[in-house]
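Engineer: sequence first, then the predicted structure, then my questions.
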Amino acid sequence: MTLTSFYPVICTDDVHRSAAFYQRWFGFEPTFVSDWYVSLRRGPGVELAFLDHAHDTIPAGHRSPVAGTILTFEVDDVDGEYERIVREGGQRPALDIRDEEFGQRHFILVGPDDVLIDVITPIPASGEYAAQ
């Protein structure tokens, strides 16, 4: 198999609201926009799309909004992003910024459709995680 692309498609009840959130806070640009589907890109290899959860391209019995999803955005300066998104932008984190022993500094936002957005910067692991 030759894999040519991979990207998440989030089933939502409002594709335009969801797309606007990621455009504003994470710098995505639209590549395709319709009333039922929006595709976004941010540089080569970073794509994200939104699909109306009731659209008939989704098999019957699976037409529901997203649940239990976490999107992780690895950035070079999580503290700078926290400042921009939370302190200056007014977004409220579900998990405030902190260091984790397993090797990341991060905060978590709740995006449209209750998708969790984990914004991280890798840091050195400590304790038992450093030995792994």
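Structural biologist: Received, thanks.
Engineer: how about low-confidence regions in this structure?
Structural biologist: Scanning the chain for pLDDT under 70 picks out nothing.
Engineer: which parts of it are strands?
Structural biologist: For the chain, the strands defined by DSSP state E occupy 9-12, 29-33, 37-41, 47-52, 70-74, 93-100, 104-110, 116-122.
Engineer: tell me which other helices or strands the fourth one touches.
Structural biologist: Just to be clear, that refers to strand 47-52. strand 9-12, helix 15-26, strand 37-41 (3 or more C-beta pairs under 8 Å, 6 or more residues apart in numbering; DSSP states H and E). (Glycine included, C-beta is placed from N, CA and C.)
Engineer: contact partners of it?
Structural biologist: With C-beta atoms under 8 Å, 6 or more residues apart in numbering as the contact definition, strand 47-52 has outside contacts at 5, 7-13, 15, 18-19, 22, 28, 31, 35-42, 57-58, 71.
Engineer: and the buried ones among these, selectable in PyMOL?
Structural biologist: Listed next is the PyMOL selection for buried residues among those, using 16 or more other C-beta atoms under 10 Å:
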select buried, resi 10+11+12+15+18+19+22+28+37+38+39+40+41+71
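Engineer: contacting residues for residue 110?
Structural biologist: Neighbours of residue 110 in contact, by C-beta under 8 Å, 6+ apart: 92, 94, 116-117.
Engineer: can you tell me which of the residues you listed has the most neighbours?
Structural biologist: residue 117 (23 neighbours; other C-beta atoms under 10 Å).
Engineer: what are the bridge partners for the closest residue to that one other than its chain neighbours, then?
Structural biologist: Distance criterion C-beta to C-beta, 6 or more residues apart in numbering; nearest residue to residue 117, sequence neighbours excluded, is residue 109 at 4.4 Å. Applying DSSP bridges to residue 109 gives these bridge partners: residue 93, residue 117.
Engineer: burial count for residue 109?
Structural biologist: With other C-beta under 10 Å as criterion, residue 109 counts 22.
Engineer: ditto for residue 26
Structural biologist: Considering only other C-beta under 10 Å, residue 26 is surrounded by 19 other residues.
Engineer: having no further points to raise, I will conclude here.
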